[in-house]
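1. Pasting a predicted model and its sequence here:
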Amino acid sequence: MNVRPNPRDATLERLAARAIAEGDLLPDGAAPVVVAVSGGADSMALLHFLLSWARDQGAPRAVVAAHVNHRLRGGASDEDASFVAAEASAWGAEVEIVDAEIPAPARGRAAMGAAIEAEARRARYAALAAVAARHGADRIVAAHTADDQAETVLLRLIRGAGLRGLAGMAPMARVQGVRVVRPFLALTRRDVQEYAARHRIPFREDATNAGTAAARNFVRHEILPRIEARLNPAARSALVRAAAAIRETDAYLERRAARAYGRVVAGREPGKIILDAPRLLHYPKPLRTYVFRCAVRELTGNLRDVSAVHLRALHQLAESRRGREADLPGALQARRERNRLILSRARPRKHEPAALRAPSKA
């Protein structure tokens, strides 16, 4: 921890510090910083950097290394946890080792060799949120890099994501209700590896990362290398630039939609929002999509599980005759009544997640 790099070589130090300052990613003063540390090269480099950064700030600040043990790889998982605890403590960080509460069915699939990325991710962020709450921290610092960003954008494109999904990861965002900041997002994996080599930072290799069962690993090891070899050697950079441009467009539409939303809301009641359908249809379809997001977010507090299918159902309702309705995530129901599109809290009907239904005949 005492190695001071030549400033001309400190690419990661300069870029990460600039990202923190320009993006206001970390709190001022002595607020604690909780770092998600898996034990891999990226997260160990992040922890090392943040400890140095905190010392440079001059204010007393706790840096907490939070390691989530998924217990999916037997003894190797426990060895990762022990490694993080020992190294982080030696560096002067506080340490929290927590278990991920992954549902039994998912654990069973993992034991048979299946990838359970989504379940593990949900459990990981839930555990990290609990750590942050215990330490009075309002955010989690994650070690996602530009390479992770490129993989994310390509995965979402393949899965049919909309504009919001193709914007990729933001330097600061909410994930499952937790504020997550990413000071390494403009850095490549090679930048991080060079930093780790310069500082002789030890790290653990997760053997499962070399396989291709998980979708991200398949994109990382099979798809992107082939694209780079045959189509564009700078494909990762191109994907990152595209995500940044889409993110700017997304932010613009979000601002425009906030103004339009105020104009189309015809009324509010507890658990209910009434939209003026004819006025709503004056706006172009992309902007209407963001207006619908505003309404859902106001009623539920988030946009979790809202997909293109649900947004398409809302567009159809706005353009349809009265009496039709659809169920949405978050126990919401949408229906068309005369010139009004009404979103309200209701018990969702099973087996009809977003299909429009004609009114029943008495």
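-> Perfect, I can see it now.
2. For the rest of this, base every contact and every neighbour count on C-alpha atoms.
-> Fine.
3. what bridges to Leu341?
-> Leu275, Arg336 (DSSP bridges).
4. what about it, how many neighbours?
-> 27 (other Cα atoms under 10 Å).
5. ok, and what's touching stretch 221-228?
-> 151, 210, 212, 233-236 (Cα atoms under 8 Å, 6 or more residues apart in numbering).
6. Output the residues you listed in CSV, with secondary structure appended to each entry.
-> Converted to CSV, the contacts of stretch 221-228 look like this (DSSP: H, G, I helix; E, B strand; the rest coil):
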residue, secondary structure
Glu151, helix
Ala210, helix
Thr212, coil
Pro233, coil
Ala234, coil
Ala235, helix
Arg236, helix
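7. any idea which of those residues is closest to Ala31?
-> Closest approach to Ala31 among the contacts of stretch 221-228 (Cα to Cα): Glu151, at 32.3 Å.
8. ok so, going back, so which of the contacts of stretch 221-228 comes closest to Ala17?
-> Distances from Ala17 to these, taken by Cα to Cα, are shortest for Arg236, at 22.8 Å.
9. which residues touch the closest one?
-> Contacts of Arg236 (Cα under 8 Å, 6+ apart): 146-147, 150-151, 224.
10. What is the strand or helix carrying Leu46 packed up against?
-> Leu46 belongs to helix 41-57 when assigned by DSSP states H and E. For helix 41-57, the packing partners by 3 or more Cα pairs under 8 Å, 6 or more residues apart in numbering; DSSP states H and E come out as strand 33-36, strand 63-69, helix 75-91, helix 189-198.
11. again, only this time at 7 Å
-> helix 189-198 (3 or more Cα pairs under 7 Å, 6 or more residues apart in numbering; DSSP states H and E).
12. Just after the helix it packs on, pick out the following helix or strand.
-> helix 215-218.
13. tell me the mean pLDDT for the next helix-or-strand element following that next one?
-> Scanning forward in sequence from helix 215-218 by DSSP H and E, the next helix or strand is helix 224-230. The average pLDDT within helix 224-230 is 97.
14. In PDB, could you pull the C-alpha coordinates for helix 224-230?
-> Output of helix 224-230 as PDB, limited to C-alpha atoms (Å, rounded to 0.1, in the frame of the first residue of the first chain):
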ATOM      1  CA  LEU A 224     -17.000 -10.200 -28.600                       C
ATOM      2  CA  PRO A 225     -13.600 -11.800 -29.600                       C
ATOM      3  CA  ARG A 226     -15.200 -13.000 -32.900                       C
ATOM      4  CA  ILE A 227     -16.700  -9.600 -33.600                       C
ATOM      5  CA  GLU A 228     -13.300  -8.000 -32.900                       C
ATOM      6  CA  ALA A 229     -11.500 -10.500 -35.100                       C
ATOM      7  CA  ARG A 230     -13.900 -10.300 -38.100                       C
END
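15. where does it sit relative to the chain's centre, distance-wise?
-> Distance of helix 224-230 from the chain centroid (Cα atoms, centre = their mean, to the nearest Å) equals 26 Å.
16. count of residues packed around Leu154?
-> Using other Cα under 10 Å: Leu154 sits among 22 other residues.
17. no wait, Gly262
-> Neighbours of Gly262 (other Cα under 10 Å): 12.
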